[in-house]
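**Student:** after the sequence you'll find the predicted model.
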Amino acid sequence: MSRRVRAFSVAAGALVLSAALTLTASGGVHGTPGGAGLHDPYFPKAGNGGYDVRHYGLTLAYDPGTRRLTGTAVITARAIQDLTAFDLDLKGLVVDTVTVGGKKARWNRVGQELTIRPHDDLKKGATFATTVRYSGSPETITDPDGSKEGWLRTADGALALGEPVGSMAWFPDNDLPADKASYDITITVPKGLQAVSNGELKSETTDGDRTSFVWHCAEPMASYLATVAIGHFTITRSTTSDGLPVYVAVDPTQAAASKSVLARIPEIIAWEQHTFGPYPFSSTGAIVDRPGDAGYALETQNRPVFPGTPELHTLVHELSHQWYGNSVTPKNWRDMWLNEGFATYAGWLWQEDHGGQSAQQIFDGVYATPKDDATLWGFPPAKPPSAAHISERPEYEGGAMVLHKIRQTVGDDRFYAILRGWAAAHRHGNADTAEFTAYVQKMAPGKNFDAIWKDWLYGDGKPAHP
């Protein structure tokens with residue numbers, strides 16, 4: 001994401017419901033309800049316990065004229081404990097029916113929690129499919145930092161963005177970064193409009209006055225990286241030099257201004273593969289909507305979203321997230337710097353390799369920020385104080401400075417091995433800060449990183465810099 005600005009509670013009634021479900025469990029499974037939240041430090045009710053989602057099958061229909069969304073979500077998951085009930089995250093919208101394993105299920109809603117009681121209890125290790133049919137006018141969510149996500153209405157359609165918790169505004173999900181899944185997304189819109197999503201476009205068919213677009217995302221994806229862009233778009237298809245499909249969708253009002261910078265996507269991907277290792281997904285590209293449709297760019301999987309023509313450094317930043325953030329995804333939102341610090345440092349390296357300032361010069365310029373400037377030194381990269389602070393300068397530039405200090409300590413050869421090795425070791429997975437620091441120390445035995453971790457990663461205030 002390239003923005004510098006960016007909890008929930010369950011009512012007592014939900015706890016009463018959970019207790020009742022435990023007492024009324026039937027069959028031979030002596031289970032308990034899955035947790036209604038996984039205690040993310042900033043979004044404690046986001047995500048749910050007791051199961052692991054393997055696949056989302058979403059069938060959506062949207063009419064910008066009426067602003068009505070109709071959806072069917074088929075969520076295939078594996079129980080990781082004996083379950084008498086489980087929760088999904090869904091904010092707003094009206095739930096029409098719920099089935100589990102093809103059988104009608106009881107359900108209840110409190111806040112963002114959709115609590116489901118299947119007809120038959122679920123055994124640990126069982127794979128089960130939950131189908132939720134729902135409809136309504138999806139919400140735009142205001143984040144703690146004041147930015148907007150969820151379902152954003154645009155001049156000619158809509159744009160769905162999910163970081164950090166916006167995906168629950170348009171489909172029921174397990175809304176935490178650590179539960180990745182594959183996706184199939186079908187979107188039906190009025191004829192003449194287009195619908196762009198993640199992965200590869202498998203089909204486009206028109207029936208009367210409606211057109212359906214079928215998208216398939218095979219690689220695991222965190223729910224916050226899912227997107228749908230509905231509207232009028234100029235579509236460009238191409239491939240990189242090594243055959244990677246490039247799918248670019250641009251609002252016609254932005255097409256002329258965007259043409260030259262978007263034409264550099266293959267060049268950027270080639271440089272990032274050389275720098276970070278093999279590209280982790282089956283396609284790349286971009287979605288460019290109008291300025292003001294969103295307040296920030298976002299690294300949605302396969303093709304980042306931009307509000308208006310992107311600047312080159314922003315395009316480099318968001319594409320680098322395909323490695324750091326999308327493939328290697330943090331386990332919770334405390335570790336946002338593992339996304340943004342890496343993507344910011346990618347921009348420093350791009351400048352260094354393309355005739356701009358060296359990373360050292362950029363580091364020195366950032367470090368010159370006065371020590372009383374709280375926008376940079378107000379908190380350490382690995383300890384944002386609240387949900388309202390997870391997308392501020394410490395995660396971006398502060399995180400990049402941590403990486404530069406590691407580079408200074410280990411030298412270029414070992415540093416680039418760390419960049420590539422980290423992306424490879426956690427490809428399509430999740431990781432946290434403790435795993436990263438342990439990995440660096442493993443990759444550079446004999447080097448002392450204590451001051452970097454203590455002063456630059458976790459320390460308060462402006463670190464001393466010899």
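**Tutor:** Ah, there it is.
**Student:** state the distance from residue 122 to residue 31.
**Tutor:** According to C-beta to C-beta, to the nearest Å, residue 122 stands 7 Å off from residue 31. C-betas here are computed from N, CA, C, even on glycine.
**Student:** what touches both of these two?
**Tutor:** By the contact definition C-beta atoms under 8 Å, 6 or more residues apart in numbering, residue 122 and residue 31 are jointly contacted by 82-84.
**Student:** of these, closest to residue 258?
**Tutor:** Nearest to residue 258 among the shared contacts of residue 122 and residue 31, counting by C-beta to C-beta, is residue 83 at 47.7 Å.
**Student:** contacts only, for the closest one.
**Tutor:** 29, 31-34, 50-51, 118, 121-122, 124.
**Student:** buried subset of the residues you listed?
**Tutor:** 29, 31-34, 50-51, 118, 121-122 (16 or more other C-beta atoms under 10 Å).
**Student:** so which of those residues are in strands?
**Tutor:** 32-33, 51 (DSSP state E).
**Student:** lowest-confidence member of those residues, which is it?
**Tutor:** On pLDDT alone, residue 33 ranks lowest of those, at 86.
**Student:** hang on, that one packs against residue 51?
**Tutor:** No. Shown here, residue 33 and residue 51 do not form a contact pair, counting by C-beta atoms under 8 Å, at 11.1 Å.
**Student:** go through the buried ones among the contacts of residue 83 and name the one nearest residue 131.
**Tutor:** For the buried ones among the contacts of residue 83, the nearest to residue 131 is residue 118 (11.5 Å; C-beta to C-beta).
**Student:** could you find the closest non-adjacent residue to the closest one?
**Tutor:** Nearest residue to residue 118 in three dimensions, chain neighbours excluded: residue 100, at 3.7 Å (C-beta to C-beta, 6 or more residues apart in numbering).
**Student:** what of residue 41?
**Tutor:** Spatially, and ignoring its direct neighbours in sequence, residue 41 is nearest to residue 334 (5.0 Å; C-beta to C-beta, 6+ apart).
**Student:** now the one you found, what's its secondary structure?
**Tutor:** helix (DSSP: H, G, I helix; E, B strand; the rest coil).
**Student:** so what's it scoring on pLDDT?
**Tutor:** pLDDT, residue 334: 96.
**Student:** OK, contacts around it?
**Tutor:** Contacts of residue 334 by C-beta under 8 Å, 6+ apart are 40-42, 382-384, 390, 432-433.
**Student:** what's the answer for residue 178, then?
**Tutor:** 38, 47, 222, 329, 331-332, 430.
**Student:** by neighbour count, which of the residues you listed wins?
**Tutor:** Sorting the contacts of residue 178 by how many neighbours each has (other C-beta atoms under 10 Å) puts residue 329 first, at 26 neighbours.
**Student:** shaky segments in this protein?
**Tutor:** Applying pLDDT under 70 to the chain flags residues 2-29, 466.
**Student:** where is the longest helix in it?
**Tutor:** Longest helix in the chain, counting residues (DSSP state H): helix 337-353.
**Student:** show me what the following helix or strand past that helix is packed against.
**Tutor:** Proceeding N to C from helix 337-353, the next assigned helix or strand is helix 359-367, under DSSP states H and E. Using 3 or more C-beta pairs under 8 Å, 6 or more residues apart in numbering; DSSP states H and E, the elements in contact with helix 359-367 are helix 337-353, helix 399-410.
**Student:** how about the shortest one: buried residues?
**Tutor:** Burial within helix 399-410, assessed by neighbour count using 16+ other C-beta under 10 Å, is assigned to 399-407, 409-410.
**Student:** the longest one too?
**Tutor:** Taking 16+ other C-beta under 10 Å as the basis for neighbour counts, the residues of helix 337-353 that come out buried are 337-351.
**Student:** so which bits of stretch 278-291 are buried?
**Tutor:** 279-281, 283-290.
**Student:** buried set for stretch 53-73?
**Tutor:** 53-64, 69-73.
**Student:** stretch 416-435 too?
**Tutor:** So, applying 16+ other C-beta under 10 Å, buried residues of stretch 416-435: 416, 418-423, 426, 430-433, 435.
**Student:** and for stretch 239-259?
**Tutor:** For stretch 239-259, using 16+ other C-beta under 10 Å, the buried residues are 240, 244, 246-251, 253-255, 258.
**Student:** same thing with stretch 363-372?
**Tutor:** Buried, per 16+ other C-beta under 10 Å, within stretch 363-372: 363, 366.
**Student:** first-to-last residue distance for that stretch?
**Tutor:** 18 Å (C-alpha to C-alpha, to the nearest Å).
**Student:** need the contact partners of that stretch.
**Tutor:** 348, 357, 376-377, 397, 400-401, 404, 461-462, 465.
**Student:** the stretch 351-466 of the chain: strands as residue ranges?
**Tutor:** 429-431 (DSSP state E, counting those that start in this stretch).
**Student:** residue 150 - nearest residue in space that isn't next to it in sequence?
**Tutor:** residue 169 is the one closest to residue 150 (C-beta to C-beta, 6+ apart), at 3.3 Å.
**Student:** quick one: that neighbour and residue 453, what's the gap?
**Tutor:** 37 Å.
**Student:** compare the two (neighbour count), which wins?
**Tutor:** residue 169 (25 against 17).
**Student:** ranges for the helices of the chain?
**Tutor:** 12-23, 255-262, 265-276, 312-320, 337-353, 359-367, 374-377, 393, 399-410, 412-425, 433-443, 450-451.
**Student:** could those helices go into JSON lines alongside distance to residue 157?
**Tutor:** JSON lines is the format used below for these (distance: least, C-beta to C-beta, whole Å):
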{"stretch": "helix 12-23", "distance to residue 157": "35"}
{"stretch": "helix 255-262", "distance to residue 157": "16"}
{"stretch": "helix 265-276", "distance to residue 157": "23"}
{"stretch": "helix 312-320", "distance to residue 157": "21"}
{"stretch": "helix 337-353", "distance to residue 157": "28"}
{"stretch": "helix 359-367", "distance to residue 157": "38"}
{"stretch": "helix 374-377", "distance to residue 157": "35"}
{"stretch": "helix 393", "distance to residue 157": "33"}
{"stretch": "helix 399-410", "distance to residue 157": "34"}
{"stretch": "helix 412-425", "distance to residue 157": "34"}
{"stretch": "helix 433-443", "distance to residue 157": "38"}
{"stretch": "helix 450-451", "distance to residue 157": "51"}
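**Student:** nearest to residue 95, out of the ones you listed?
**Tutor:** helix 12-23 (14.9 Å).
**Student:** now for the spatially closest residue to residue 64 that is not a sequence neighbour: which residues touch it?
**Tutor:** Distances taken as C-beta to C-beta, 6+ apart place residue 157 nearest to residue 64, at 5.0 Å, with adjacent residues excluded. Residues in contact with residue 157 (C-beta under 8 Å, 6+ apart) are 62, 64, 189, 193, 229-232.
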